[in-house]
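**Student:** What follows is a predicted structure for the sequence shown.
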Amino acid sequence: MVITQRRAAKIIPIAGGKGGVGKTEVCANLGVRLGQLGYDTILIDLDLGGSNLHSTLGLKNRHSGVGNFLSDKSVGFTNLIAPTPYPNLRFIPGDVLVAGTPNIVFSQKQSLIRHIEKLEADYILLDLGSGASNNVVDFFLLSNSGIVITSPHVGAVLNSYSFLKNTVFRFLMRAFAGQSEVERYLRKSIKERRPGNPVTVANVLGGMQELDPAFTAKARRYVNLLQPSIVLNLVRDGDDLNIAESLRDLTSNNLDVKLSTLGMLIHDEGLAASHRSSAPLTHSLPDSLFAVEIDRIAQKIVQSPEFPTLALATEMYSDSFELMKIESAEDLAELHEQLTRHERQDQTDAEEFIQILSQQKKQIHELKNTVRMLTMRDR
Ligand SMILES: Nc1ncnc2c1ncn2[C@@H]1O[C@H](COP(=O)(O)OP(=O)(O)O)[C@@H](O)[C@H]1O
Ligand SMILES: [Mg+2]
């Protein structure tokens, strides 16, 4: 079975399709807040190739990090844990001291995941890189309730949707790893892109029924386990919240995943100043709106005793040849996808997104007409 319930350390991956939406900022501030609340917390910079968690934490980059661990077998993972000046908060730096680690291979990723799962802490927050590559998604799937950060900009929301979509299908692929018939079917249905006819989880699972109804039942169980949430960052006004609801609707309609939200964060001009003073706002200005909003998110996390409700273990590849097959397929697919993914996916996902937006526009239009009619009748 793939699921381990109630692991002692709660791993919270923080992802987001797009760069610059505030993943690292949220990770740093949430970490500081969880520490202030008395929880032993470790932050891990997994944005290989773009590591900057140390500077968002206001720290000089002096310690070995994930990059050193990956490039030097003599480096022990727990030796990477560095102190911070904030209470109960430690962190593992990324790869700033070692160049050229962004493209890690399958075995390195598995090794990292195993070590992360063994860390002892109350909360382990993962600052992930941008994009929806298999590596990022696999770190995200260390928990069934990771956090996706998005800004209200259409491009960012669209990227978040693509990220969630990749996560669901990746999880399904992993659920059926080694069952070549299902793998082939899944790969084919995910690739099938007809304009105006989006790939939906319901359709994919429906088609699976023809292979074996037991497969559909298993796939449904897996999809039901996914409980991601979003944080809407960089909010400037109330209208910005509507687009988050579009994302929720699209995710529910097409992916059969119930997306929840941990809340929003305003666009706080003070953050730039905070970087000058080199400490997260939650530490330097705990009364600021941004820090209060971070606290709100932290409270939701600590008050939910099973957050993440279930943790996903990774011991699922039994035979070494099976593993080799999966590894190579994955590494090669990754290589290929790096070259072609963005344009292709952005285009089809955009079509789906436009559909939802125009539906909502229609609803707003109808609502306006109703209001107009009602007010005319009142006159
Ligand atoms: N709510 C916010 N208000 C103002 N600036 C923000 C906010 N969230 C993030 N930023 C700023 O945006 C920039 C990008 O944020 P960062 O966390 O590095 O993004 P990511 O990790 O997603 O690439 C940083 O300068 C950060 O301080
Ligand atoms: Mg970042």
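**Tutor:** Arrived safely, thanks for sending. Ligands and ions are numbered 1, 2, ... in the order given.
**Student:** how about residue 94, secondary structure?
**Tutor:** Here residue 94 takes the coil state, with states given by DSSP: H, G, I helix; E, B strand; the rest coil.
**Student:** Mind telling me what element the nearest residue to it once chain neighbours are set aside is part of?
**Tutor:** If the residues on either side of it in the chain are set aside, residue 94 comes closest to residue 51, at 2.6 Å by Cβ to Cβ, 6 or more residues apart in numbering. Backbone N, C-alpha and C define where each C-beta goes, glycine included. For residue 51, there is no enclosing helix or strand under DSSP states H and E.
**Student:** so what's residue 51 up against?
**Tutor:** Taking Cβ atoms under 8 Å, 6 or more residues apart in numbering, we find residue 51 in contact with 45, 65-67, 93-96.
**Student:** swap the cut-off to 10 Å and go again
**Tutor:** If a contact means Cβ atoms under 10 Å, 6 or more residues apart in numbering, then residue 51 has 24, 45, 61, 65-67, 93-98, 101-102, 127, 129 as its contacts.
**Student:** Please apply the same query to residue 65.
**Tutor:** Contact criterion Cβ under 10 Å, 6+ apart gives 44-46, 48, 51, 53-54, 75, 80, 82, 91-98, 101 as the residues in contact with residue 65.
**Student:** ditto for residue 24
**Tutor:** Contact partners of residue 24, counting by Cβ under 10 Å, 6+ apart, are 14, 16, 43, 45, 47, 50-57, 127-129, 149.
**Student:** out of those, which touch ligand 2?
**Tutor:** Restricting the contacts of residue 24 to those adjacent to ligand 2 (criterion: Cβ under 5 Å from the ion) gives residue 47.
**Student:** restrict the contacts of residue 24 to those near ligand 1?
**Tutor:** The subset of these within reach of ligand 1, by Cβ under 6 Å from any ligand atom, is residue 16.
**Student:** Which stretches in the stretch 201-350 of the chain count as strands?
**Tutor:** Here the stretch 201-350 of the chain has its strands, by DSSP state E, counting those that start in this stretch, at 229-235, 260-266, 310-312.
**Student:** Do the first one and ligand 2 come into contact?
**Tutor:** No. Contact check for strand 229-235 against ligand 2, using Cβ under 5 Å from the ion: none in range, with a minimum separation of 11.8 Å.
**Student:** all numbers from here: first residue = 45
**Tutor:** Right, with 45 as the first residue, what we last looked at is strand 273-279.
**Student:** For that strand, name the packing helices and strands.
**Tutor:** With contacts defined as 3 or more Cβ pairs under 10 Å, 6 or more residues apart in numbering; DSSP states H and E, the secondary structure elements packing on strand 273-279 are helix 67-80, strand 191-194, helix 198-219, helix 284-299, strand 304-310, helix 333-347.
**Student:** Pull up the pairing partners for the second one, direction included.
**Tutor:** So that's strand 191-194. For strand 191-194, sheet partners with direction are given as strand 54-59 (parallel), strand 273-279 (parallel), following DSSP bridges.
**Student:** Dump those strands to JSON lines, plus mean pLDDT.
**Tutor:** Formatted as JSON lines, the entries for the strands paired with strand 191-194 read as follows, by pLDDT from 0 to 100:
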{"stretch": "strand 54-59", "mean pLDDT": "95"}
{"stretch": "strand 273-279", "mean pLDDT": "92"}
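**Student:** Next, format those as JSON lines and append mean neighbour count and distance to residue 325.
**Tutor:** Shown next, in JSON lines, are the strands paired with strand 191-194 (neighbours: other Cβ atoms under 10 Å; distance: least, Cβ to Cβ, whole Å):
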{"stretch": "strand 54-59", "mean neighbour count": "26", "distance to residue 325": "17"}
{"stretch": "strand 273-279", "mean neighbour count": "22", "distance to residue 325": "13"}
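**Student:** export those to TSV and tack on distance to residue 408?
**Tutor:** As requested, the strands paired with strand 191-194 are arranged in TSV below (distance: least, Cβ to Cβ, whole Å):
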stretch	distance to residue 408
strand 54-59	30
strand 273-279	19
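**Student:** Now for the residue nearest to residue 248 when sequence neighbours are not counted: which residues touch it?
**Tutor:** In this structure, residue 248 finds its nearest non-sequential neighbour in residue 233, 4.7 Å apart by Cβ to Cβ, 6+ apart. Under the criterion of Cβ under 10 Å, 6+ apart, the contact partners of residue 233 comprise 213, 216, 243-245, 247-252.
**Student:** switch the cut-off to 7 Å
**Tutor:** Contact analysis of residue 233 by Cβ atoms under 7 Å, 6 or more residues apart in numbering lists 243, 248, 251.
**Student:** Report how many residues lie close to residue 392.
**Tutor:** Other residues within reach of residue 392 by the criterion other Cβ atoms under 10 Å amount to 17.
**Student:** actually residue 221, not the one I typed
**Tutor:** 19.
**Student:** where do the strands sit along the stretch 45-194 of the chain?
**Tutor:** 47-49, 54-59, 85-90, 126-127, 133-136, 167-172, 191-194.
**Student:** returning to what we had before: between the helix or strand where the residue nearest to residue 248 lies and helix 198-219, how big is the angle?
**Tutor:** Using DSSP H and E, residue 233 sits within helix 224-235. Orientation check (axes from the mean of the first three to the mean of the last three Cα atoms, to 10 degrees): helix 224-235 against helix 198-219 gives 170 degrees.
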